[in-house]
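A.B. asks: Sequence first, predicted coordinates after that:
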Amino acid sequence: MNEHSRFDDLHIETLAVRAAVERSQYGENSEALYLTSGYVQPTAAAAAARFAGDEEGYTYGRYGNPTVSSMEMRLAALEGTEAAMGTASGMSAILMMCLGLLKAGDHVLCSRSMFGSTIKLIGSDLAKFGVESSFVSQTDLSEWQAAIRPNTRLLFAETPTNPLTEVCDIQALADLAHNAGALFALDNCFATPALQRPVAMGADIIMHSGTKYLDGQGRVMAGALCAPQQMITEKFLPVLKSGGMTLAPFNAWVVLKGLETLDLRMRAQSARAQILAEWLEKHPSVARVHYPGLASHPQHHLAMRQMSGLGGAVLSFHVKADGPEQARQRAFHVMDQMQVLSLSTNLGDTKTLVAHPASTSHGRLTEAQRQAAGIGQGLIRVAVGLEYPQDIQKDLSRGLDTL
Ligand SMILES: *Cc1c(COP(=O)(O)O)cnc(C)c1O
């Protein structure tokens with residue numbers, strides 16, 4: 001929501017610690033946290049001009065806040081978009097995008113491998129209001145092409161996906177969308193701008209769950225949309241004002257400070273994930289590892305091209321077993337033997353988080369749907385943190401070596 005001129009020719013690593021609104025009169029070096037729901041107006045005429053949008057200035061906490069603006073400026077600088085808008089969570093960013101861009105009768109085309117709540121929001125909740133949707137293969141471009149309709153307004157994907165780390169071709173999907181007169185939005189939650197800059201590959205809108213790597217230490221809920229200034233002002237700001245999916249200033253401040261170390265964290269956590277993936281691939285109790293940084297990953301070359309040569313911090317693997325029942329037992333055994341790592345379905349933390357997708361994030365699916373999605377009972381997801389790599393291996397070995 002602010003002009004960037006001051007930051008025009010700075011490198012991304014500098015922007016990550018510097019892009020923010022102006023210092024207050026006190027000259028604080030660390031960005032201020034403005035906890036206020038309202039603002040005092042200098043004159044009645046100024047208040048009128050600000051509410052009418054004719055003059056810059058904060059009017060009410062639901063509409064804007066300087067700490068939130070700082071987070072938005074910094075994230076937009078990292079993603080390479082003109083502007084960004086913070087939201088209360090990742091899901092509320094998706095809701096804002098859909099409310100801002102779609103109406104009854106419009107069609108959204110998404111990957112079938114997207115985050116579960118995204119599929120529920122677009123496929124069920126928005127369907128009640130007449131928004132059409134279809135879900136196609138993450139990796140088969142011809143399926144996307146064939147599913148385009150005359151009323152398709154938005155293509156929406158996520159890469160790599162959760163928990164199987166499937167990678168889609170950002171440039172190809174952006175081209176497909178633009179040829180159809182539609183917009184292309186990308187959920188950049190797993191790779192973050194530290195590894196992947198979708199705007200440079202043609203994406204129109206970048207969506208974030210700030211809850212994950214942007215905060216990076218598992219503290220707050222947050223979300224954002226990064227997009228051209230005009231889209232933010234004309235499509236999303238009105239939805240924010242009436243819908244109220246406003247990012248809390250405290251949460252914005254936590255994310256703002258998290259962004260300062262995003263690049264360092266993503267590189268360190270990706271390096272650890274690579275070591276762990278290579279080790280798991282050789283473990284006799286492991287049937288298969290999903291990780292974009294492995295040569296065995298089906299879209300390895302595409303992933304390396306899109307993700308700055310790194311695989312990200314999330315991997316998943318299947319324990320060897322005979323049938324789903326034994327697979328579940330064995331996966332539970334591995335997780336229950338851990339003494340250091342956290343059994344938690346979240347991701348994007350400096351602490352390594354381990355989860356069993358089939359009984360948690362994908363627990364509501366039928367066994368047949370899970371099989372089709374590749375989420376077997378023996379699948380374990382690891383969101384790798386910053387612990388010493390050999391300690392992570394040792395903790396997983398407790399269970400893996402005793403199957
Ligand atoms: C967590 C997540 C979301 C939703 O974000 P919240 O902040 O939990 O609302 C969306 N997409 C992906 C890929 C996620 O991992």
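C.D. replies: That came in fine, so what should we check first?

A.B. asks: Now do the same contact list for the residue of the stretch 1-150 of the chain found nearest the ligand.
C.D. replies: Here the residue of the stretch 1-150 of the chain nearest the ligand is residue 90; by Cβ to the nearest ligand atom that distance is 2.3 Å. Using the backbone N, CA and C atoms, a C-beta is placed for each residue, glycine as well. Residue 90 sits next to 115, 187, 189, 207, 208, 209, 210, 211, 212, 222, 223 when contact means Cβ atoms under 8 Å, 6 or more residues apart in numbering.

A.B. asks: Same check on residue 386?
C.D. replies: 265, 268, 269, 272, 350, 351.

A.B. asks: check which helix or strand covers the second one.
C.D. replies: Counting by DSSP states H and E, the element that carries residue 268 is helix 262-282.

A.B. asks: right, and the helix or strand after that helix?
C.D. replies: Per DSSP H and E, the first helix or strand lying C-terminal to helix 262-282 is strand 286-290.

A.B. asks: buried sites along that following strand?
C.D. replies: 286, 288, 289, 290 (16 or more other Cβ atoms under 10 Å).

A.B. asks: go on, stretch 139-150?
C.D. replies: Result for stretch 139-150 [16+ other Cβ under 10 Å]: buried residues 139, 143, 144, 147, 148.

A.B. asks: how about the residues of this structure near the ligand?
C.D. replies: 89-91, 115, 118, 158, 162, 187, 189-190, 209, 211-212, 221, 223 (Cβ under 6 Å from any ligand atom).

A.B. asks: Can you list the residue ranges for strands in the stretch 201-350 of the chain?
C.D. replies: With DSSP state E, counting those that start in this stretch, the ranges of strands along the stretch 201-350 of the chain come out as 205-209, 223-227, 286-290, 314-319, 342-343.

A.B. asks: Could you tell me which strands the helix or strand just after the last one is paired with, and in which direction each runs?
C.D. replies: Per DSSP H and E, strand 342-343 leads on to strand 353-355 as the next helix or strand towards the C-terminus. Based on DSSP bridges, the strands next to strand 353-355 in the sheet, each with its direction, are strand 342-343 (parallel), strand 379-383 (antiparallel).

A.B. asks: got the ones you listed as a markdown table, with mean neighbour count and mean pLDDT columns?
C.D. replies: Converted to a markdown table, the strands paired with strand 353-355 look like this (neighbours: other Cβ atoms under 10 Å; pLDDT from 0 to 100):
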| stretch | mean neighbour count | mean pLDDT |
| --- | --- | --- |
| strand 342-343 | 14 | 98 |
| strand 379-383 | 26 | 98 |
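
A.B. asks: follow-up on the earlier one: want to throw the strands of the stretch 201-350 of the chain into a markdown table with distance to residue 332?
C.D. replies: Output for the strands of the stretch 201-350 of the chain, formatted as a markdown table (distance: least, Cβ to Cβ, whole Å):
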| stretch | distance to residue 332 |
| --- | --- |
| strand 205-209 | 27 |
| strand 223-227 | 32 |
| strand 286-290 | 16 |
| strand 314-319 | 10 |
| strand 342-343 | 10 |
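
A.B. asks: Which of those sits closest to residue 376?
C.D. replies: When the strands of the stretch 201-350 of the chain are compared by Cβ to Cβ, strand 314-319 sits nearest residue 376, at 5.8 Å.

A.B. asks: pLDDT averaged over the closest one, what's the number?
C.D. replies: Model confidence over strand 314-319, given as mean pLDDT, is 98.

A.B. asks: In PDB, could you pull the C-alpha coordinates for it?
C.D. replies: Output of strand 314-319 as PDB, limited to C-alpha atoms (Å, rounded to 0.1, in the frame of the first residue of the first chain):
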ATOM      1  CA  VAL A 314       9.500 -30.500   3.500                       C
ATOM      2  CA  LEU A 315       9.800 -34.100   2.600                       C
ATOM      3  CA  SER A 316       7.800 -37.300   3.000                       C
ATOM      4  CA  PHE A 317       8.500 -41.000   3.000                       C
ATOM      5  CA  HIS A 318       6.800 -44.300   3.100                       C
ATOM      6  CA  VAL A 319       7.800 -47.000   5.500                       C
END
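
A.B. asks: other SSEs contacting that strand?
C.D. replies: Under the contact definition 3 or more Cβ pairs under 8 Å, 6 or more residues apart in numbering; DSSP states H and E, strand 314-319 sits against helix 262-282, strand 286-290, helix 323-336, strand 379-383.

A.B. asks: Enumerate the positions of the longest one that are buried.
C.D. replies: To tie it back to what came earlier, the one meant is helix 262-282. Of all the residues in helix 262-282, those buried under the rule 16+ other Cβ under 10 Å are 262-263, 265-266, 268-277, 279-281.
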